[in-house]
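Enquirer: from the sequence below, what's the structure:
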Amino acid sequence: MAWNSVSFESIFAMIVAVLFAIAGVVNLAGPSAVKRDFARWGYPARFRLLCGALELLSAALLFGQQTRVLGLTLASAIMIGALFTLLRNREPFPHLAPALIFSALIVVTVAVRG
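Expert: Down below sits the predicted model:
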């Protein structure tokens, strides 16, 4: 695909997909900090695995032009849940910032999609 044929929507969707893929891998790998966070938030131990799987699914859907709307919808739902959790637990801004950035990128992707 030539650069002149790549849309801003595709660029933003790929950025969101990569970020969700990384987040999914981190949740599935379950470093101790992630496990502690999920426990502190009151979620069952395996809930991070569900989150990781959904993040990877969202990333995969975002890569396909035909499935991008579904991927954006799933990514949005994930971020609503994440922001709710972070706000409900009064997480400090440094913990909230990545979720806000992810959410903003989803909004921008939807906006440039038209």
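
Enquirer: now do the helices in this structure.
Expert: Under the criterion DSSP state H, the chain carries helices at the ranges 8-29, 32-40, 47-63, 68-88, 93-113.

Enquirer: redo those as JSON lines? Include mean neighbour count and mean pLDDT.
Expert: All C-beta spots, glycine's among them, are computed from the backbone N, C-alpha and C. JSON lines is the format used below for the helices of the chain (neighbours: other Cβ atoms under 10 Å; pLDDT from 0 to 100):
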{"stretch": "helix 8-29", "mean neighbour count": "18", "mean pLDDT": "96"}
{"stretch": "helix 32-40", "mean neighbour count": "13", "mean pLDDT": "96"}
{"stretch": "helix 47-63", "mean neighbour count": "19", "mean pLDDT": "97"}
{"stretch": "helix 68-88", "mean neighbour count": "17", "mean pLDDT": "97"}
{"stretch": "helix 93-113", "mean neighbour count": "15", "mean pLDDT": "95"}
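
Enquirer: check the gap between residue 33 and residue 15 for me.
Expert: For residue 33, the distance to residue 15 equals 24 Å [Cβ to Cβ, to the nearest Å].

Enquirer: again, but for residue 109
Expert: From residue 109 over to residue 15 the distance is 8 Å, taken as Cβ to Cβ.

Enquirer: give me the most central residue, the chain.
Expert: Nearest residue to the geometric centre of the chain (Cα atoms, centre = their mean): residue 20, 4.2 Å.

Enquirer: and the nearest residue to that one once chain neighbours are set aside, how far is that from residue 27?
Expert: Spatial nearest neighbour of residue 20, chain neighbours left out: residue 59 (4.1 Å); criterion: Cβ to Cβ, 6 or more residues apart in numbering. Note on residue 59: its distance to residue 27, by Cβ to Cβ, is 12 Å.

Enquirer: for residue 35, same thing?
Expert: For residue 35 relative to residue 27 (Cβ to Cβ), the value is 10 Å.

Enquirer: equivalent analysis for residue 108, please.
Expert: Separation of residue 108 from residue 27 (Cβ to Cβ): 24 Å.

Enquirer: residue 7: how many residues sit nearby?
Expert: Residue 7 has 12 neighbours, counted by other Cβ atoms under 10 Å.
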